[in-house]
Each structure stands twice: as structure tokens, then as C-alpha cells.
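Peer 1: predicted structure and sequence below. I'll ask about it afterward.
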Amino acid sequence: MIKPTKSDALIRMLGVTKMYVQPDKYDIRILDDITLEIHPGEFIALLGPSGSGKSTLLRIVTGLAEPSFGTVLYRGRPVSGPNPNAAMVFQSFALYPWLTVLQNVELGLAAKGTPPAERHERSVKLIDLIGLNGYEDAFPKELSGGMRQRVGFARALAVEPEMLCMDEPFSALDYLTAENLRSELLDLWLESKIPTRAILMVTHGIEEAVYMADRIIILSKNPARVVADLPVGLPYPRNRKSHDFLQMVDTVYKLVTGWADDEVEEEHLAELTETRNPERPRLKPIPYGHLSMLSGLLELVADRGGRDDLYHLGSELFLEVDDLLPVTETAELFNLAEVKEGDLYLTSLGREFVEADVGDRKSIISDQLRDIPMFRLVDRVLRSKANHAMVKEFFNDILEEHFSVEEAERQLKTAINWGRFADLFHYDTDTELLYLSEDQLEPEIQSDDMQEMPSDR
Amino acid sequence: MNEMTDRRSGWGMADLLVGVVVLAILSLIIAWATHAPHPHPEVGSISLAYWKLPLYALYSWLRMAAAYVISLLFTFVYAYAAAYNKRAEKILLPLLDILQSIPVLSFLPVVLLAFIALFPGSRIGVNLASIVLIFTGQVWNMVFALYHGLITIPRDLRESALSLNLSPWQRFRTLELPYSMVGLVWNSMMSWAGGWFFLMAAEMFSLGSRNYQLLGLGSYLQAAANRADWFAEIAGLLTLVGVIVLMDQLIWRPLLAWADKFKMELVEGDSRVRSAVLMILRRSQIVAWLGDRVLQPLLEWSDRFFGETIPALRRKGPLPTLSTFIRTVVIIAAILVLVIALQGTVRLAQHLSWSQVALVFAATGATLLRVVTALAISVLWTVPVGVLIGMNRKWAAALTPVTQIAASVPATALFPGIVALLIHLQGGLSSAAVLLMVLGTQWYVLFNVIAGASAIPEDLREATKMFRLSRVKVWTTLILPAIYPYLITGLITAAGGAWNASIVAEYVSFQSHVYTTFGIGSLIAQASTHGRFPLLLLSTSSLAVVVVVINRLIWRPLYNRAAERYTLSS
């Protein structure tokens, strides 16, 4: 761990907490009590699963958003409003399409009131540095994705920020372009060609983080807490094939996927503590796994002899950990596979699933779904109605008791998708009704422990 | 239509509240107009000499331009307030909905009387009244366009403006205005078209025995029809078309081509609007010099000026006690005005008898029937023709300019001539009124159908060929669903136009004869001509209510369904 003295911190986050207050419902906590320091000379990667609130944290650091509790200090002074010493690079580039490259780069300087001549000179110099000379008068739509992000970097660097904040700056680019831009940015940074004192990069690419950063901070999800804060001691330029590099990637992978195990335990804990309030038990969220991807993944693991390294699988399938995790979580939820120390194992049910044909696979999944509280809830409600139909709105309202509005919508969308796949219930998009057909009424779900279901009000 | 993209449905208390307030203020205006002294009427003399036409066209154009400038200013203030003030938004949006449903033409005489009373003995009053009426005809869709632009600015662009520390003024000129520019230009074009519609009707009319006349193209056309001078009528129409085509070539086309760069697309589209005029301007040395030496320094200066004044104003802002005092005074004054206005409403309403209410009810029904017929006729001819044009590139290239010119002629300009031709036919004005409505509204439907048909992807058309679908099947499975959202959009605009047109279509004075047919439009026209203000208030509110209710209960659900189910991009 880097343990510098407190006085030289560029940014100090003290107990930063962010909640979305929902009237009459649970407040949704995005960030929970995050305390971190950023020092001059650091290149920090902020890593976490999607929806973990890492972008929100970045926006709080730059002053674009305000924390619900806690403070952010910049050189010892509280940040309120956009921090003029921090600049931001966006995933979507966020360029103004009606301004030329030069005008886009000049924008921040114009806001500072720099006189036109000086503004022009500095911008042209920076455009040269970032490799865009000749394109000063081009409009963003005439450029390729990589060039656009170069403009994004130039615009941010033009104001000579002490802090450079980047929100997944390479994830909208194709592989080669991203790689090229990464190493160029590293050159600028390592050779001090830019006056930036510290870089904070949000990413979901583990390799990217190990390749670029000298410190990696891993966040958990729902709500985000700091799970790990580890230095990357590898010398630059880093070799992706080297043993140490792969070792580091593996460690980070285990920490990121291991967090998933921890979370389950934490949830058990939460369940235990929340039995004190039996009226409102929590509904567990389901992962957003695509069932077609699930089949593909399990078949691949079966071909590998029933077990494979997650990192290996991800790079083989060209999936970032962000896209891979929902699928593995779904596999675990259905008892088809288990994740241990960064490896994915098929269970016996998983093997059976891989052997089965489409029809049998559906029935395996439908058996598994019947054990999941959300589906038991849907089933019970539909059966209890005389016409075996219920409006989607009703379930949405129940879910919004437990999740944020967007999360509830995503949960229900996934649930409907799975329910349709497993032929548990039908959904009519026009009438927005969930309903049971005659043949779906047949097998009744065992209703042994119904008390853990949320009471529909 | 922009107003439909906002998917609010259902009714709020705000709707009711705003409706009552609008009603009260309308009756206040009416009460003022009835009690104001009426000076001698202005009887202008329209000369039918051809050489006067350019002058008349200029007068008409100046009135339009003045109204447009006012509309633009109003748009910025209103849309900003609605987009950035949550509390104001709750009132301003329903208000906009109601205001745009009030038929402007029904208030022509009332507004005129009010303005003449303000400026007795001069033409200013009449001119101002005409400008205000045109303003009310063109402003609403522009407000919607800017409001919609402001609230849909992508979060990333907003955040980048924040993180670059742009001042409010810089944010306005580099982000908010450019982002809304395309919608604003399109809606300005629509507003000018709407403005011509009202201008023609607003220049000449009679109130009881008095004739009010403004020098302009509209009066010229009316006078020519009255005197049955058909050569003058045609010359007037040609002048009008000439002005509209000139505007299109010199102003709208260059503006549209220029606004192309404000589109949010990150790939270059293939359907770029081109304008030779814009090219000439862009390549001209003088324009470049002006840009470098005048515009650029001006922008620099404005950045500095607003950068200093806006924060200073914020810091110095009036003392808290003073500002609360002012606010209290304003609120009390507003309540007082409202009470007086409501009293006026009650007093006007006392003059109403139940038979009149029944009459208004029946008349609304009769006009509703006419509007539906007009829409049906429009759909029947525009759907086949529009699909034919839209699905065939050659035809589209050849016919689009023709239809655009035809559509640009405001229907009200044709009314005098058409009435003269049709008034003696079977059915008289009753069927002529439907035709007039069709004339005024069919273009909205046609253009939307063409747009919809030309947007059908080639692969879907090829699939229908592969499956050898019958002609009927192709229509029911591909063409009709594909043009459905466009058709609905066109019909919404057309229906609004048809209701408004009923006032000029159901009551026509021609060669010193007055021709009427039973309907809410003629009721409104008669009530205002004879100064029967209680009836005017009742019939106008009834028309506004019907329009709002139909919008909410029929058009909005249809539109939402179209947007969800039948949109081709997923």
C-alpha cells in the first residue's frame, strides 16, 4: 500500500455516500461511505461491475454531481460545483458536432477567458501533440472514432488540468484503435509532456487497468464500497504476455469475481438481520444473463472438460468481465455451474443441461426458475386471479419497493424474458398483461415457505 | 409533431386550473373590448391596380416578420422557463396545450376592438392587432420545438459544458441554441406557413356594419373576389406564390442547409439539403471578412460582457426582503386580476340561456362531422398518391417541388375565389366548407405519407416480393403499418388546422352577401360580428375544450401506440 503523508493529497474523499431518495419507498444507496485519497503522480483505475456507481463517484470527484453525505476535498478545500482544476474525458466523446476540431479544443480556454490569439496558439500546439494536425477545420462527424476521442483528450488537456478524469475512455473504440490510444496516452503521461498531476480512470476492463494504472481500486455493487485498493508495481512499458502481468490480471480477476461470492454471504447476513422486520423481506435481484449466451458458455466449458478459468473464457469470447459476470451469475443461480477462485465448474445439472436438447433445456430452466422468489411471486399472483392474468404495472410496483425505478424495470424485463423462454407464463406486449395459459396452469409450484414472499399490498 | 413526443397522458389538476384561468382572462379581454369606446372604423381603400401588388406584398410581409420576431423572443423566454424551472413547467406545459387549441380567428374582432381602443384614430391599432393575431398563430409550435430541444440535450454534452466551466451565456450559444437549431428552423418554416394562413383572414373583415381593412395581399385577394375581377385575383395569387417561393429559396433553404451541421448525427447522412445561395454566401469574401472582423469580436465581447454581468446580477440580486415583497405584490395583483376576470366570466355567463348552450352543443357536433369528413377525404386521396410518390424515387424527384409550391399557398387565400365558384352549387356552403377544410389541411397528411413511404426499408420491400404477397397483403402487412406513425402525425396537425379553418369556412361574406352554414365556426363568426360576447365566449371555449379532449383521448394514445409498435427503427 502507498502510504504518503496526508498533506500532499490532491483529492480526499471523506465518507462519500450517494443515495437516490424515492418517496414512500426504499432509498437506493449507490455509493456507501467511500474514503479515498488521490496523490500527485498517481494513475488510478477505478474498477467495478456495471451499475456499481463508479461513474457517479467520478462525477462527484469532478464536482459534476454532489454526494448525499460526505465531502470531497481538493487540495484541502471542499469541492462545490464543477472543479476548474479537473477535466473530463467521456466514453461517448461528448464533442459538439457543430464545432470544428479546433473550436472544440478551444472551448475550455474560451470559458476561462483566454484571449483569442493565445487560445489559438495553445490549442494548435495541443492538437499537434495529440496527433491531429491537419484536422483543425474538420467536423467531428468527418473523423473516425479514435480521432474523435483524440479530440476529446485534447479538449480536456487544453485547460491544463491537474486532475484528468476519464469515464471509460476507450470502451467505445475498436480493439486496435483503443490499444494505440492507450499507449500514446501513457507516453504523454510518463514522459510528463502534459502538466497533468494525477489521472483517475473509470473502467470495466481488468487488462486495461493493469496495463495502464499504478493503483487499482475495486468497487463492489449495490451499494458500491471499496473492496480492494492495490498498487500495481510493474514497470512501464508493460508487457501483456509477461508472467507478472498475467499474475496481476489473475489476482484482480479473483478480486472482482470473488466479490460476487462475498456478496452472497453479505446478502445472507442482510437477510438474517432483516428478519427482525418480517413484513418487508428483500427481494433478491436476478442477474441480466441472456439465456442464449448461457447455453453457449456452458457448452464451451463442457468442451474444456467441465472447468475453465474465467479470465481465459472472457478473453476467448471477447467478453469483458462486465458482460461475462451476469452470465456466470445466471449459471450459478440455476445451479448449472459454480465459481471458485476465478474458475467456473459445471455441476452435474450443468452437464445434464449441456447434453439435453432444446426442449429438455427449457424444462431444466423452468424447474430452476420455480425456486426463485420473484418467479414464485409471479406464479402465485397469476394463479390466485380468476382470469389468471395481471397487469405488468402491478409487478413493477412491487419491484420498485425493492429496487430503483430503472433497476425494477430491468429486473422485470429479464424476468419476462426468462419466463417466456421457460414457458412459465405469457406476456402480451400490447395489453401489458402477464397471464397463464391452460397448459401452464397444470404444474403447481410447491408453496411451502410462502412467508418469505413480499406481501402484495 | 413535437407536442406529441411529450408522452404525458391523463389529466392533472394543473390542466383544470390553467383552463379556468385562461377562460377568465379571455372574458376579461372581451369585457374590456365591449366597454371600450369605438372610434370611427378604418376603411382603407384597396386598389386593384397591378403595380400596387409588390407594395401590398411588402406590407403583408412586414406584418409577418414583426410577428415572427415577437414569436422568437417569446419562444426563448417561455421555453427556458418551462425547461429549467420545475415549478413553472407544471403550469406552462398544460397552458401551452390549451393556448394552442384556442382558435385564433375567433378572437380577431375582439382583439381588433381592443387594439383600436388603445390607439384611437390611427392605423397602428389595427396593424398591431393583426400582428398579435399572427403571433398567436405561429408561436406555439416554436415554443414546443425549443422546449423539446432543451430537455433532450444529451447528458454527456451537458456535463462536458459543466466540466469545461462554460458560462451560462457560452452554454446557450455553444450548446443549447445549436442543439435546438434544426427543430427551430423547421418550426419557423411551419410558423410562417401558419402565419400566411391567418394573415389572409386577418387583413379584411367586417364587424357589424363596419369594415376594417389593412393594406395587404389578403385584402387585395378578398377585394378582387368581391368585385369578381378574376385577373386581379390570379395576379394576387401569383404574387403570393412568388413571395413564398422567394422566401423558400432565399431564406429557408439556405437556413436548412446551414442547420444541417447542427444535426446530432455522427455519420454523414446522404440526404443533405443543398442550397446554392448558402454556397455563394459561404464562399463570399465579404461574408468571411464580416465573420472574422465583426461576428467573432462581437461573440468575444458578448462572452466577456455576459460573463461579468450575469454573476454580478446573481451576487447583487435584490435584498431577500425586497424580493419577497415584490413577489407578494405580484401574487396579490395576479389574484385580484383573476377575481375580476372570473367575475366577468360569471357576468357573461349569466346572459346565456340553456337554448344557447344546446345550440353551441349541436353546432360543435355539426362541425365535428365536417372535420371528420374533411380528414377522411384527405386520407382517401393522399394515402395512395403519397405512397406512390414516396416509394418511387423518380416520381418523388419530379413531384415534390410541385406539391411543395401547391402546399405553400395558404388555403385562406383561395377561399374567396373558391367560394365564388361553389356557392351556387348543390349543397351550397355546407359542402363547400368541407372542401375548404380539405384544401387547408390535406398537405400535412400528404407530406407525412410521402415521408413515411420513402422511409420503408428496401429489404422489407424485397421480402414482400420474395413471398409473392398479393397487392392487398402488401398494403396490409407492410405499407399501412409502415406509414401509420407518419399518417397519425399528419392527421393530428391536419385536424388542428381543420378546426381553425371552420371559422373562415362556415361563414363567408362575399359580394356584400353573407353566406353561412350551421356549425361552431359560423356561430363564432356570427357572435363576434354582431358583438354577442357571451355566446362568443361559450362557443370558443366549447371549441377549445373539444380540441383538447380529442387530442388527449384520441390522438395522443394513437400517437403513443404508433411510436411504440409501428416505428421501424428499433
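Peer 2: Sure, I can see it.

Peer 1: low-confidence ranges in the chain?
Peer 2: Answering for chain A, as no chain was given. A:1-7, A:22-27, A:51, A:258-282, A:442-457 (pLDDT under 70).

Peer 1: nope, chain B please
Peer 2: By pLDDT under 70, the low-scoring segments of chain B are B:1-15, B:26-44, B:106-110, B:120-123, B:204-211, B:264-273, B:309-323, B:425-427, B:511-512, B:567-570.

Peer 1: quick one: name the residues of it near chain A.
Peer 2: Chain B comes close to chain A at residues B:154, B:156-157, B:159-160, B:162-167, B:170, B:174-175, B:178, B:181, B:261-268, B:296, B:300, B:303-304, B:307, B:565, as judged by C-beta under 8 Å from any C-beta of the partner chain. (Each C-beta comes from the backbone N, C-alpha and C, glycine too.)

Peer 1: what subset of the residues you listed is buried?
Peer 2: Neighbour counting by 16 or more other C-beta atoms under 10 Å in any protein chain shown classes B:156-157, B:159-160, B:162-167, B:170, B:174-175, B:178, B:181, B:261-263, B:266, B:303, B:307 among those as buried.

Peer 1: domain map for chain B?
Peer 2: B:50-264, B:284-316, B:353-570 (automatic domain parsing).

Peer 1: helix or strand for the most centrally placed residue in chain B, which one?
Peer 2: The residue lying closest to the centre of chain B (C-alpha atoms, centre = their mean) is residue B:138, at 4.0 Å. Element membership for residue B:138 (DSSP states H and E) is helix B:124-151.

Peer 1: in that helix, which residues are buried?
Peer 2: By 16+ other C-beta under 10 Å, the buried positions in helix B:124-151 come out as B:125-150.

Peer 1: show me what the helix or strand following that helix is packed against.
Peer 2: Moving toward the C-terminus from helix B:124-151, the next helix or strand (DSSP H and E) is helix B:155-163. Helix B:155-163 makes packing contacts with strand A:86-89 when contacts are defined by 3 or more C-beta pairs under 8 Å, 6 or more residues apart in numbering or on different chains; DSSP states H and E.

Peer 1: what residue in the stretch 401-550 of chain B comes nearest to chain A?
Peer 2: Nearest to chain A, among the residues of the stretch 401-550 of chain B, is residue B:481, at 13.6 Å (C-beta to the nearest C-beta).

Peer 1: which one's the longest helix in chain B?
Peer 2: Determined from DSSP state H, the single longest helix within chain B is helix B:354-390.

Peer 1: and it, what's buried?
Peer 2: Using 16+ other C-beta under 10 Å as the test for burial, helix B:354-390 gives B:356, B:359-360, B:363-364, B:366-368, B:370-371, B:373-375, B:377-379, B:382-383, B:385-387, B:389-390.

Peer 1: after it, next one along is what?
Peer 2: helix B:393-408.

Peer 1: and the contacts of that next one?
Peer 2: Residues outside helix B:393-408 that contact it (C-beta atoms under 8 Å, 6 or more residues apart in numbering or on different chains): B:193, B:241, B:244-245, B:248, B:388-390, B:443, B:446-447, B:450, B:454.

Peer 1: as TSV, those with distance to residue B:91 and secondary structure would be great.
Peer 2: Below are those laid out as TSV (distance: C-beta to C-beta, whole Å; DSSP: H, G, I helix; E, B strand; the rest coil):
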residue	distance to residue B:91	secondary structure
B:193	29	helix
B:241	42	helix
B:244	37	helix
B:245	41	helix
B:248	37	helix
B:388	46	helix
B:389	43	helix
B:390	41	helix
B:443	34	helix
B:446	37	helix
B:447	34	helix
B:450	38	helix
B:454	40	helix
